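>>> Dropping the sequence and predicted coords here.
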Amino acid sequence: MKQERAKWGSNLGFILAAIGSAVGLGNIWGFPYKMGKSGGFTFLLIYLVLAIFVGFVVMLSELALGRKTGMGVVGAYRAISKKFSWVGWLGVIAPFLLLCFYVVLGGYCLEYAVINVTELFTNATPMTGAESFSGMLSNPLRSMGYTFVFTLINYFIVRGGIQGGIEKFSNIGMPALFVMLVVIIIRSLTLPGAIEGVKFMFVPGYAVSAGFIAQEPDFINVLSTAGGQMFFSLSLAMGAMVTYGSYLEKKENLVKNSVLIVFADTLVALMAGLAVIPAAVSIGLQQGIAVGDIKLSGANLLFVTLQDVFVSMGKMGAVFGIVFYVLVLIAAISSVISLVEVVVTMFMDQAHAKGKKGNRSKIVVCVCLAFFAVSLVVAADGLGSNGLWIPFRELSAQVAADGTVTYPAITGCWLDFLDCWAEGVAMPLGALLMSLMIGWEIKPKTLLEEINLGSNISWIGGFYTVCIKFIVPVAMVFILLGQVSDFFGLHLFG
Ligand code: TRP
């Protein structure tokens, strides 16, 4: 018996869900601090170029792959390729690994929203950002509890199905997120000294001339950081877009949809930058730090610096704090549900292939329990603050000439350990193999047929062919080497 595949209720519903998948912690947390680390404007420029020539092309390919085969990532590769049929597995392993720590971070956002609610309604002296942060990390049980609640929310949404769960949440969540972001940006930009942060983001060379960073960073380094960030931010190479694409009607325009998703994701990253960086500069100035000495590059930006901004504003700050952390929470949920759906769809496809209906509720429970079990370890580890055993840690120790011991990112903490395999290896490798498969095995025209079903843009054929055959693979090799070098501490690019 052939099973009728579920479909999105509308194209807008699909777009909001796909934007929801893309917009996540990567935009709100990763983008501002990587921009800080890599010197502001230069990073932005490279990011934009990569988004157009690589991000957009891979996005389009994934949606087409999913819709053409009408299957999730494992089934899609199996159906379309001989040599690369196994690549689909990378596309379910990676999201699974990502889920194991993403839900812990989601739990952190939940905890910070609660901290701000408490501050609003009690009169105790509020904790500083640093106090809240270390208090959170060193309390494993509480983190596990928040991870559980966060996982539960996602469980309920995904159990509702494509239309009844994911699309419904995105239809309300995404517009709400946008409005909240605008509120936070207005607050951030009207803080004293905020303009320095804006200049850091948009004035070429300002990061160096104002002393935020000592010198313009290496081009290759910026390229690989921006590339890795762009890939992560667009939810590429994790099967998410293949899966969402597989539920899309043939009449919808894939080119237009891809442009919209890439544009919206980049816009939100920039907006998040405007919400975070000027506020961080302002609080630094208020704390008496000179402009050039303000650190914008720490991963603490979200949970320490920004919380300090809210605390410094008193009760009103707590209100902004709630708005901000709920906003991040929505972004995290809309990403996590797409990751869960990748794995769930794979099992549903398998059931359908056997002629069975597939018990969605049961599959969702099992998938959630599986990643939740691993996430407990990540929560207990508290970004490495609780001294948990980490695989290969001793093996990877690097002893300097003066005897100091350092560890590469991969064995720094459990979160990085998982992230390394997911974001550092599986994701760039998956994208590289996908571009080789499309460009050289099944040939671009196979997917162009699908792409042209709902669109008639004449230049897309040539543009797509050149990008997927040459530009994407070369870029992916760089990004892969950059990521591996970064995570394993190999210093390949100096
Ligand atoms: N794009 C998400 C973010 O910016 C993270 C992410 C990476 C993701 N790959 C994904 C989300 C795949 C869903 C599916 O935070």
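Thanks, I have it.
>>> if I look at residue 491, how far off is the ligand?
Using C-beta to the nearest ligand atom, to the nearest Å, we find residue 491 at a distance of 26 Å from the ligand. Just so you know, the C-beta spots here come from the backbone N, C-alpha and C atoms, and that holds for glycine as well.
>>> what's the first-to-last distance across stretch 405-414?
End-to-end span of stretch 405-414 (C-alpha to C-alpha, to the nearest Å): 19 Å.
>>> Just give me how far that stretch sits from the chain centre.
The chain centroid and the centroid of stretch 405-414 are separated by 21 Å under C-alpha atoms, centre = their mean, to the nearest Å.
>>> So for it, what gets flagged as buried?
By neighbour count on 16 or more other C-beta atoms under 10 Å, the buried set for stretch 405-414 is 407, 408, 409, 410, 411, 412, 413, 414.
>>> and the strand or helix carrying residue 96, what other elements does it pack with?
Under the criterion of DSSP states H and E, residue 96 resides in helix 87-121. Using 3 or more C-beta pairs under 8 Å, 6 or more residues apart in numbering; DSSP states H and E as the contact criterion, the neighbours of helix 87-121 among helices and strands are helix 73-80, helix 129-137, helix 140-159, helix 305-312, helix 314-353, helix 360-381, helix 414-419, helix 427-436.
>>> rewinding a little: go through the buried residues of stretch 405-414 and name the one nearest residue 387.
Minimum separation from residue 387 among these (C-beta to C-beta) is found for residue 413, which lies at 10.3 Å.
>>> quick one, what contacts the closest residue to the closest one other than its chain neighbours?
When the adjacent residues along the chain are set aside, residue 413 lies closest to residue 384, with 3.1 Å between them (C-beta to C-beta, 6 or more residues apart in numbering). The contact partners of residue 384, taken as C-beta atoms under 8 Å, 6 or more residues apart in numbering, are 390, 412, 413, 414, 415, 416.
>>> out of the buried residues of stretch 405-414, what pair is the most spread apart?
408 and 414 (14.3 Å).
>>> Near residue 286, how many other residues are there?
As a burial measure, residue 286 scores 14 neighbours (other C-beta atoms under 10 Å).
>>> Now for residue 109: which residues touch it?
With C-beta under 8 Å, 6+ apart as the criterion, the residues that contact residue 109 are 150, 325, 328, 329, 332.
>>> which among the buried residues of stretch 405-414 are in contact with the ligand?
The overlap between the buried residues of stretch 405-414 and the neighbourhood of the ligand (criterion: C-beta under 6 Å from any ligand atom) is empty.
>>> Would you format these as JSON lines with secondary structure, pLDDT and distance to residue 269 included?
Compiled in JSON lines, these are given as follows (DSSP: H, G, I helix; E, B strand; the rest coil; pLDDT from 0 to 100; distance: C-beta to C-beta, whole Å):
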{"residue": "407", "secondary structure": "coil", "pLDDT": "84", "distance to residue 269": "30"}
{"residue": "408", "secondary structure": "coil", "pLDDT": "84", "distance to residue 269": "27"}
{"residue": "409", "secondary structure": "helix", "pLDDT": "81", "distance to residue 269": "22"}
{"residue": "410", "secondary structure": "helix", "pLDDT": "83", "distance to residue 269": "25"}
{"residue": "411", "secondary structure": "helix", "pLDDT": "81", "distance to residue 269": "29"}
{"residue": "412", "secondary structure": "coil", "pLDDT": "83", "distance to residue 269": "25"}
{"residue": "413", "secondary structure": "coil", "pLDDT": "89", "distance to residue 269": "25"}
{"residue": "414", "secondary structure": "helix", "pLDDT": "90", "distance to residue 269": "26"}
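>>> And those residues, which is closest to residue 127?
For the buried residues of stretch 405-414, the closest approach to residue 127 (C-beta to C-beta) belongs to residue 413, at 22.8 Å.
>>> Residue 390 is in contact with that closest one, correct?
Yes - using C-beta atoms under 8 Å, residue 413 is in contact with residue 390, at 6.9 Å.
>>> Mutual contacts of these two, please.
Counting by C-beta under 8 Å, 6+ apart, the common neighbours of residue 413 and residue 390 are 381, 384.
>>> Pipe the helices and strands packed on helix 87-121 into TSV and attach distance to residue 258 per row.
Output for the helices and strands packed on helix 87-121, formatted as TSV (distance: least, C-beta to C-beta, whole Å):
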stretch	distance to residue 258
helix 73-80	17
helix 129-137	37
helix 140-159	24
helix 305-312	32
helix 314-353	16
helix 360-381	27
helix 414-419	26
helix 427-436	15
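>>> Those helices: which one's closest to residue 112?
In this view, those are compared for proximity to residue 112 by C-beta to C-beta, and helix 314-353 is the closest at 4.4 Å.
>>> Tell me what angle that closest one forms with helix 305-312.
140 degrees (axes from the mean of the first three to the mean of the last three C-alpha atoms, to 10 degrees).
>>> buried residues in helix 314-353?
Taking 16+ other C-beta under 10 Å as the basis for neighbour counts, the residues of helix 314-353 that come out buried are 317-350, 352.
>>> do the same with stretch 50-69
50-51, 53-69.
>>> How about stretch 455-462?
Neighbour-count burial for stretch 455-462, with 16+ other C-beta under 10 Å as criterion, is recorded at residue 460.
>>> Show me the helices in the stretch 151-300 of the chain, by range?
Secondary structure of the stretch 151-300 of the chain (DSSP state H, counting those that start in this stretch): helices located at 161, 168-189, 194-202, 206-209, 219-233, 240-245, 254-286.
>>> among these, which is the most enclosed?
Stretch with highest mean neighbour count among these: helix 240-245 (a mean of 30; mean count of other C-beta atoms under 10 Å).
>>> where are the low-confidence patches of the chain?
1-3, 494 (pLDDT under 70).
>>> Show me what from it comes close to the ligand.
If contact is defined as C-beta under 6 Å from any ligand atom, the residues of the chain in contact with the ligand are 21-22, 24-27, 95, 232-233, 235, 238, 240, 335, 338-339.
>>> Which two among the residues you listed are spaced furthest apart?
Of all pairs drawn from these, the widest gap by C-beta to C-beta lies between 27 and 95 and measures 17.7 Å.
>>> Show me which of those two is the more surrounded one.
Between residue 27 and residue 95, counted using other C-beta under 10 Å, residue 95 has the larger neighbour count: 30 against 27.
>>> So that one versus residue 427, what's the distance?
Between residue 95 and residue 427 the distance, using C-beta to C-beta, to the nearest Å, works out to 10 Å.
>>> And for residue 44?
Spatial separation of residue 44 from residue 427 under the definition C-beta to C-beta is 22 Å.
>>> burial of the residue lying closest to residue 431 once chain neighbours are set aside, as a residue count?
Nearest residue to residue 431, sequence neighbours excluded (C-beta to C-beta, 6+ apart): residue 237, at 4.0 Å. If you count neighbours by other C-beta under 10 Å, residue 237 ends up with 31.
>>> Residue 237 is in contact with residue 423, isn't it?
No - with contacts defined as C-beta under 8 Å, residue 237 does not count as touching residue 423, sitting 9.5 Å away.
>>> Touching both of the two, which residues are there?
Common neighbours of residue 237 and residue 423 (criterion: C-beta under 8 Å, 6+ apart): residue 94.
>>> This completes my enquiry, with thanks.
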